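A.B. asks: coords please:
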Amino acid sequence: MPSRLRLAACLVVLFAAPAAAQDVELPYWASIDTPEANMRVGAGEQFPIQWVYKREGLPVKVVRLMQGWRYVEEPDGTTGWISASLLSRQRTAIVVGEGLAAMREEPSAESDLRWNLEPGVVGDLGECEAGWCELDVERHVGWVEESRLWGAGEP
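C.D. replies: You can find the predicted model right below:
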């Protein structure tokens, strides 16, 4: 009898993890967590590859889940399926918009300028406050206007 109880407990634990993964509130931010990731037209390796991403850290918005696959949207609006194993919950952001984006010492337009960032620069996202977000671009840390970052704020 005790061995049956252990077996039942093991089965509950085994099947609870995938079910819990499906209970995530959508949408949410994620980032590409590998040097190369395939975006497919369907949720499975049997589907054709739509895009090959070679940009680790690129933020994506997860909008649907299906058995180990995530339907994501990227900054330009492209959507497709990426294996969940290729994604991280690490928050990143990409600079968007026209022209250079100022990275400031503090979250204020009057704060000292640290660097100017070109559109397309990706960094690790820190805290956001009063319309500004802390961004770490290869250990260069400063504050960027939230409106210039895709991947910041609510998804």
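A.B. asks: Can you get me a residue count around V96?
C.D. replies: For V96, the neighbour count with other C-beta atoms under 10 Å is 16. Glycine gets a C-beta too; all of them are placed from N, C-alpha and C.
A.B. asks: Grab the nearest non-local neighbour of it.
C.D. replies: Leaving aside its sequence neighbours, V96 sits nearest to W150 (C-beta to C-beta, 6 or more residues apart in numbering; 4.7 Å).
A.B. asks: contacting residues around Q67?
C.D. replies: A43 (C-beta atoms under 8 Å, 6 or more residues apart in numbering).
A.B. asks: What's the separation between it and I94?
C.D. replies: 28 Å (C-beta to C-beta, to the nearest Å).
A.B. asks: So what pairs up with the residue nearest to V96 in the strands?
C.D. replies: Counting by DSSP bridges, W150 is bridged to I94, A152.
A.B. asks: What number of residues are in the vicinity of it?
C.D. replies: 22.
A.B. asks: Pull the contacting residues for it.
C.D. replies: Going by C-beta under 8 Å, 6+ apart, W150 touches P59, P75, A93, I94, V96.
A.B. asks: what about the third one, distance to R40?
C.D. replies: Separation of A93 from R40 (C-beta to C-beta): 25 Å.
A.B. asks: Those two: which has the busier surroundings?
C.D. replies: Set A93 next to R40 and count neighbours by other C-beta under 10 Å: A93 wins out with 29 against 18.
A.B. asks: Skipping its backbone neighbours, what lies nearest the more buried one in space?
C.D. replies: G151 (3.6 Å).
A.B. asks: Just the pLDDT at that neighbour, thanks.
C.D. replies: Listed pLDDT for G151 reads 98.
A.B. asks: so what's it up against?
C.D. replies: Residues near G151 by C-beta under 8 Å, 6+ apart: W29, S31, P59, P75, R91, T92, A93, I94, L125.
A.B. asks: Any idea which residue is closest to the centre of this structure?
C.D. replies: A30 (1.9 Å; C-alpha atoms, centre = their mean).
A.B. asks: Quickly find the element holding that one.
C.D. replies: Per DSSP states H and E, A30 falls inside strand 28-32.
A.B. asks: residue boundaries of the helices in this structure?
C.D. replies: Ranges of helices in the chain, per DSSP state H, are 2-21.
A.B. asks: residue ranges with poor pLDDT in it?
C.D. replies: Applying pLDDT under 70 to the chain flags the ranges 1-23.
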